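In: Kindly return the folded structure for what I paste below:
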Amino acid sequence: MENLKSLLISLATLAIVMELALATDGGWDALTALQAWASSKSFIVGEKLVFSYGPTHDVLQVSKKDYESCNPNNAITVYAGGLSTIQLTTPGKKYYICGTTGHCALGMKVAIDVLTSAAPTPSWTHEPWSPPGPTYAQWSLSMCLLMLHSLPLRL
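Out: Residues are numbered from 1 along each chain as shown. Reported below is the predicted structural model:
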């Protein structure tokens, strides 16, 4: 029973981790540094991207060309309603802008790179740690102490 409880807790934690709220500090708005936020994250196929925004905004998935020119007229997908969850199903670059006039130009746009899987862990092996040998300073100090110890003490 304890193992089942641990498994359920682990799965719940995994579900939370796999849902990335867009710019959790501010959300989908012109005041949040959206691209800086996105560049600090890894996006993996199977995860969800959550946009939270006010009634004067929407989220448009667009091509790279339309992203760069802030053109909302050829949207691939339009999301509205204040809360949009987007399942990341394919790898590659994804581009999102706000379709409200002028908002994209003010910074309400974000580009992400969706990866097929998390970055692999390095496969190198470490050699066992061994303490470093004495440095010249350590050797020199020990020689001075040895010489001082061998000098006769005169009172």
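In: When you work out contacts or count neighbours from here on, use the C-alpha atoms and nothing else.
Out: OK.
In: helix or strand for Lys65, which one?
Out: helix 64-69 (DSSP states H and E).
In: and stretch 92-99, which residues are buried?
Out: By neighbour count on 16 or more other CA atoms under 10 Å, the buried set for stretch 92-99 is 94-99.
In: from those, which single one is nearest Val59?
Out: Cys98 (5.0 Å; CA to CA).
In: before we move on, the earlier item: and which of the buried residues of stretch 92-99 is nearest to Lys109?
Out: The closest of the buried residues of stretch 92-99 to Lys109 turns out to be Ile97 (CA to CA; 4.2 Å).
In: Phi, psi for the residue lying closest to that closest one once chain neighbours are set aside please.
Out: Leaving aside its sequence neighbours, Ile97 sits nearest to Lys109 (CA to CA, 6 or more residues apart in numbering; 4.2 Å). Note on Lys109: backbone dihedrals following degrees, to the nearest 10 are phi -150, psi 150.
In: Closest one of the buried residues of stretch 92-99 to Pro72?
Out: For these, the nearest to Pro72 is Gly99 (5.3 Å; CA to CA).
In: how about the closest one, phi and psi?
Out: Per-residue torsions, Gly99: phi -80, psi -10 (degrees, to the nearest 10).
In: quick thing: my sequence starts at 36, can you match it?
Out: Yep, numbering from 36; the last one is Gly134 now.
In: what's the residue lying closest to it once chain neighbours are set aside in contact with, if anything?
Out: Excluding the flanking residues, the one nearest Gly134 by CA to CA, 6+ apart is Pro107, at 5.3 Å. Pro107 sits next to 95, 97, 101, 132-134 when contact means CA atoms under 8 Å, 6 or more residues apart in numbering.
In: where exactly do the strands run in this protein?
Out: Secondary structure of the chain (DSSP state E): strands located at 54-56, 78-79, 83-87, 94-97, 112-114, 118-122, 127-132, 144-150.
In: Just put these in TSV and tack on distance to Trp63.
Out: Formatted as TSV, the strands of the chain follow (distance: least, CA to CA, whole Å):
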stretch	distance to Trp63
strand 54-56	10
strand 78-79	17
strand 83-87	6
strand 94-97	9
strand 112-114	12
strand 118-122	10
strand 127-132	10
strand 144-150	9
